Structures are given as structure tokens and as C-alpha cells.
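**Student:** got a sequence here, can you model it:
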Amino acid sequence: MATSHAVVIGSGIGGLTAATALHRRGWHVTVLERAASLEPVGAGISLAPNSQRALDVIGLGDAVRSLAAWQGDGGLRTPAGRWLSRTSSAAAAERFGGPLVLLHRSALVDLLRSKLPDSALHTGTPAELVGPGRAGGRKAVVRTSSGDIEADLVIGADGIGSTVRATLFPRHPGPTYSGFTTWRVVSPGVGRPFSSHETWGRGALWGSHPMKDGRIYGYAAATAPAGGRASDDEKAELLRRFGDWHDPVPAIIASVGPGQVLRHDVYQLAEPLPAFHQGRAVLVGDAAHAMPPTLGQGGNQAIEDAVVLAHHLPADRDPGEGLAAYSAARLPRTTGIARRSVQAARLTRLSGGPAVAVRNGLIATVSRLGPGLVLRTFDGIPDWHPPQRTYAAGAEDGHRTRS
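**Tutor:** Okay, the predicted model is just below:
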């Protein structure tokens, strides 16, 4: 019997994880990337225990944890520096079965690429789904400049502006602007230690997290019209907005070189899709369920998608039943997390003085009543386990594997 062939459109975290997971299940995999080279966005990515367990399934969890910084104690602050709540990394790890870790996106991309054959990745190759095929019948068809490719499976991992999604669900309204924009930086460091923190101001936030190699991952968000850009440079815009916030925020911004600030408007799929598949084509990651980054679960959910998809798709069977099972498993979970992300985003976008004061007072009160109450708001997200057994080192501690 011929090996089943899967074509992945898009080489982001979700696409590469799906390709790796399917390759491990015996699929012949082709990844088509529009960009001329695979240059990951210069930013960090936080991986919660849920996505680490998914990476354990494909043999990468331990490698990720060895490269990553394990997030220490931290919390939520005001722009003046007052702590609204403090979080314990040990308590979070105990509750959710493992730590939150942070690494550069390029490190994760390199690990995923290392698990694929060199011939699997094709950069500089725009691709278009021209026919989703039919389970049990005709194959899907992908069009490239070099000709059409027939595939047993096509995975749309082409992000928030997914053309694959538009082909599968042409009546869906597509992404909508969330109302805020984001900035991301990787700083060389500020020469002194500090606690991880996220700081909420009026319609704006900043987060600072040390990386394992001494660099700092910083991110910011603020309410702004779609399409806006700084007239001079984005570093100056960050200093204008956050330069008077507490230490080390101004120092982190000052340490970043010219042109090293990434800015992106945040779009989301406000209306859930009716399914994540049609025929022999399927969606993963932002193409399926783009959400605000306020819970830090965008990349984590893409990794979950990929591993669950491969679990339901053995290479020696027609994909129809497996794709239906994938949609049934992923649609409710990602829809719920997306809604919670939107709710959290609303809190960060509050800008009126009285509303911000009430918000901060409630957070501080809940924190004083017990850190467990704060952690409880994340229940059902990082404590997820994949549907198959994982194989990470240290399985006896119960934090990384589940039968």
C-alpha cells in the first residue's frame, strides 16, 4: 500500500508540529511555505504544561525544557510598580502538572525542523487549496507555481488570514480587529535580575520575562486603531507609551536596537467555525481559532491541534473518520479558550479611572484571599492532557506524562 501523503500549507509552529507528528505516524509529509526562507518571528513563546505534554508525544518535550527558562515567581503590577497579585511558580506547577517555560520561537522551530526529512520543507512556494477532495473519494488538490499536487490530506496552517479557511468556509465572516495592537521585543538584558511580571495600566499592558540565555522577552499591548504605525519608529512609540512605567520596563525598551521592535494588530475569529475540516482538508492554529494573546494560549493551542490531529489519523486509513473526530475534540475546547481570552482582553482594555480602580481592587482582593483563587481562573487550560501516552524523562513525578 502506498504511503499516505499530507501537504501542510504554512510553516509556523502549528504547521511544523503537525508535519512532525504526522511524519512520526508514517505519513509522507510536504510543507509548503510562501516565504523565501524560514525566518521565525524574533520573539519568545511561552509554553504551558498542556503544550509541553503535546510536545512530549512527538519526542520534543525534554529538549524544549532543556532550552527554556522555567518561569519563576512573579505576578501582576500597576505602572507605578505596586504588586496587585503575586504568583508562585511552585504552586502553579503543582496545580497544573508542570511549569510554564519560555524560549525563543526560533529554538522551537529549529527543534521541529530537525524531526523532518530535509526534503519535506519547500520555501518560496506559495500554495492554494483548489479542491478539498472527499473522504473515501477523490484526493485534495493544492496548486503551486510548479503544478498541482494531489494529496490524501491538506492541512491549512496558514494563519489568521488563511486562504485555506476561506476556501473551506466561504460564508464565514473571517477575522475581525480586536481593538488593540501589540509590540514584542527581545532585549539583550538590563544587567540585573528581576521577577517576571505583567503590568496593567489604562488600556495598555506590558510583560517582562527573563530567558535562559540572559536575554529578556518583553511584550506590550494597547488600545489603538487598526493599521496605525509610529511616525518615526516603534521603539520611540514604546518609550512614549511605557517610558514612565516601573523598572525595568524603560530599561528594557532602551536596550533594544533600532528596527528590533515588532508591531502587529491583533485579529480574532469572533465567530467560531462550524467545523475544522471539510473533505480531506483541515485547519490548525490561528487558521482555525485565532484568539487574543491575553491567556498566552495561541501557540499552545496550535501545538495541541497538531498532536490531536495526528492521533486521529493513522497513515493506513482513509482520513474521514479521523478528521471528524479531530473537529469534535478541538472545536469545543478552542472555542471556550478563545472566549476566555476575549474576556481577559476586555479587562486589560479598561481605560477609565474608576473602572481601572475597581478592576485593580478586585484583583488585589482575590490575591489576598489566596493565590489558589488566582490559579483557579486558569483551570481547564494548562491541565489538559493529550489523548495518547507521552514519553518524557522524569515521568515518575506525574508532571509530564499520563497514560
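
**Student:** show the average pLDDT along the strand ranked longest in the chain.
**Tutor:** Assignment by DSSP state E gives strand 176-187 as the longest strand of the chain. Mean pLDDT, computed over strand 176-187, is 96.

**Student:** and that strand, what other elements does it pack with?
**Tutor:** Helices and strands touching strand 176-187, by 3 or more Cβ pairs under 8 Å, 6 or more residues apart in numbering; DSSP states H and E, are strand 216-223, helix 234-242, helix 249-255, strand 262-268, helix 320-348. C-beta here means a position set from N, CA and C on the backbone, and glycine is covered the same way.

**Student:** quick one: which of these is nearest residue 65?
**Tutor:** strand 216-223 (16.8 Å; Cβ to Cβ).

**Student:** partner strands of the closest one, parallel or antiparallel?
**Tutor:** According to DSSP bridges, strand 216-223 forms sheet pairs with strand 176-187 (antiparallel), strand 204-210 (antiparallel).

**Student:** for the shortest one, give the mean pLDDT please.
**Tutor:** Averaging the model's pLDDT scores along strand 204-210 yields 97.

**Student:** circling back: relative to strand 262-268, how tilted is the longest strand of the chain?
**Tutor:** 150 degrees (axes from the mean of the first three to the mean of the last three Cα atoms, to 10 degrees).

**Student:** give the buried residues for strand 176-187.
**Tutor:** By 16 or more other Cβ atoms under 10 Å, the buried positions in strand 176-187 come out as 178-187.

**Student:** ranges for the strands of the stretch 51-200 of the chain?
**Tutor:** Using DSSP state E, counting those that start in this stretch, the strands of the stretch 51-200 of the chain run over 69-70, 74-77, 83-87, 101-104, 121-122, 128-131, 140-144, 147-151, 153-156, 176-187, 196-200.

**Student:** buried sites along the third one?
**Tutor:** Across strand 83-87, burial judged by 16+ other Cβ under 10 Å covers 84-85, 87.

**Student:** which one of these sits closest to residue 233?
**Tutor:** residue 84 (31.5 Å).

**Student:** just checking, that closest one touches residue 77?
**Tutor:** Yes - using Cβ atoms under 8 Å, residue 84 is in contact with residue 77, at 6.4 Å.

**Student:** okay, and the common contacts of the two?
**Tutor:** Common neighbours of residue 84 and residue 77, counting by Cβ atoms under 8 Å, 6 or more residues apart in numbering, are residue 200.

**Student:** so what's residue 281 bridging to?
**Tutor:** In beta-bridge terms (that is, DSSP bridges), residue 281 pairs with residue 154, residue 278.

**Student:** pull the number of nearby residues for it.
**Tutor:** Neighbour count of residue 281, defined by other Cβ atoms under 10 Å: 27.

**Student:** ok, residue 271 next?
**Tutor:** For residue 271, using other Cβ under 10 Å, the count is 11.

**Student:** that one sits in which helix or strand?
**Tutor:** Assignment of secondary structure by DSSP states H and E places residue 271 within no helix or strand.

**Student:** how close does the residue lying closest to it once chain neighbours are set aside sit to residue 351?
**Tutor:** Nearest residue to residue 271, sequence neighbours excluded (Cβ to Cβ, 6 or more residues apart in numbering): residue 173, at 5.8 Å. For residue 173, the distance to residue 351 equals 27 Å [Cβ to Cβ, to the nearest Å].

**Student:** so which of these two has more stuff around it?
**Tutor:** Remark: of residue 173 and residue 351, residue 351 carries more neighbours, 13 against 9, as counted by other Cβ under 10 Å.

**Student:** that one in helix, strand or coil?
**Tutor:** Judged by DSSP: H, G, I helix; E, B strand; the rest coil, the three-state class of residue 351 is coil.

**Student:** where does it land on pLDDT?
**Tutor:** Predicted confidence (pLDDT) for residue 351: 96.

**Student:** which residues touch it?
**Tutor:** 202-203, 223.

**Student:** can you flag the buried ones in those?
**Tutor:** residue 203.

**Student:** let me have the buried residues of strand 83-87 in JSON lines, extended by distance to residue 313 and pLDDT.
**Tutor:** Shown next, in JSON lines, are the buried residues of strand 83-87 (distance: Cβ to Cβ, whole Å; pLDDT from 0 to 100):
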{"residue": "84", "distance to residue 313": "45", "pLDDT": "96"}
{"residue": "85", "distance to residue 313": "42", "pLDDT": "94"}
{"residue": "87", "distance to residue 313": "38", "pLDDT": "88"}
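
**Student:** closest to residue 14 among those?
**Tutor:** Using Cβ to Cβ, these come closest to residue 14 at residue 87, 27.6 Å.

**Student:** end-to-end on stretch 206-219?
**Tutor:** 6 Å (Cα to Cα, to the nearest Å).

**Student:** same question for stretch 292-303.
**Tutor:** For stretch 292-303, the first-to-last residue distance is 17 Å (Cα to Cα).
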